[in-house]
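Visitor: Turn this into a structure:
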Amino acid sequence: MELKLISENKLKITLTNEDMAALDITYEDMNYYGDTSTKRVLWEILDKAKRQTGFDAAAGGVVIQVQEKKNDGVLIFVTKTESQKSEQYPTYAKSYRKNYIPGTKKKRLLYMFESSDNLYEACRQLMIIGYGGKSDIFADDDKYYLYIEDNREQCLDMISEYGFLINNPFFSFYLDEHAKKIISADAVQTFAGIFS
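Guide: Modelled structure (predicted):
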């Protein structure tokens, strides 16, 4: 098990298959709301993280994102949220990751960022790895949102270091109605180029 403090509000937990076997949990059974044993294990991990890193998940709202690693275990990202508007943001996201296969349909994904600095760094890193797909950026309530079309694991892993996935197909309706689209079409390239 690896506990890495990404920022004061974000923790990355890496569990190998051996870790998950020792904890008696599986990726398929991870259901933060319904499975009490998984919930108990997660809070035990978060208690350990508090002792080791100082990350206190109990000090407010949190968003939990679980991603299956390609061959070994899972990545869990825990993000503390300042907003108490829990109805606007998901509190649990489970994403199914697929290997990139040329010619397959790209999936449209939405990520939220707590600051423009985090969004800029994600866009800059995407440009470094050669991202050239469609993307849009929205802003609302001091939060930034990036729509991106891609299915390469490298992109998904990298973006999760700076923001978190919103796994809610209806959230786009909220953005259309309440948020301001600040860059369209090739937002990643445009935003990364502003400060270059």
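Visitor: can you pull the pLDDT of the closest residue to Asp140 other than its chain neighbours?
Guide: Leaving aside its sequence neighbours, Asp140 sits nearest to Ala179 (CB to CB, 6 or more residues apart in numbering; 3.7 Å). Bear in mind the C-beta positions are built from the backbone N, C-alpha and C, glycine included. Looking at Ala179, its pLDDT stands at 86.
Visitor: The protein - how does it break down into domains?
Guide: Per automatic domain parsing, the structural domains of the chain span 2-95, 108-194.
Visitor: now the closest residue to Ile45 other than its chain neighbours, which residues is it bridged with?
Guide: Leaving aside its sequence neighbours, Ile45 sits nearest to Ile13 (CB to CB, 6+ apart; 6.1 Å). The partner list for Ile13 in beta bridges (DSSP bridges) reads Leu3, Ile76.
Visitor: Ile13: neighbouring residues, count only.
Guide: Neighbourhood size, Ile13 [other CB atoms under 10 Å]: 23.
Visitor: ok, it touching Glu44?
Guide: No. Using CB atoms under 8 Å, Ile13 is not in contact with Glu44, being 11.5 Å away.
Visitor: Could I get the full set of helices for this protein?
Guide: Taking DSSP state H as the test, the helices found in the chain are 17-23, 36-53, 116-128, 153-159, 171-178, 187-194.
Visitor: The ones you listed: which one's closest to Ser135?
Guide: Closest approach to Ser135 among those is made by helix 187-194 (4.3 Å; CB to CB).
Visitor: Need the contact partners of that closest one.
Guide: 119-120, 123-124, 126-127, 131-133, 135-137, 146-148, 183 (CB atoms under 8 Å, 6 or more residues apart in numbering).
Visitor: okay but Ala59 is in contact with Val78, surely?
Guide: No. Here Ala59 does not reach Val78: they are 11.9 Å apart, not a contact under CB under 8 Å.
Visitor: which one of the two has more residues nearby?
Guide: It is Val78, of Ala59 and Val78, that has more neighbours when counted by other CB under 10 Å, with 22 against 9.
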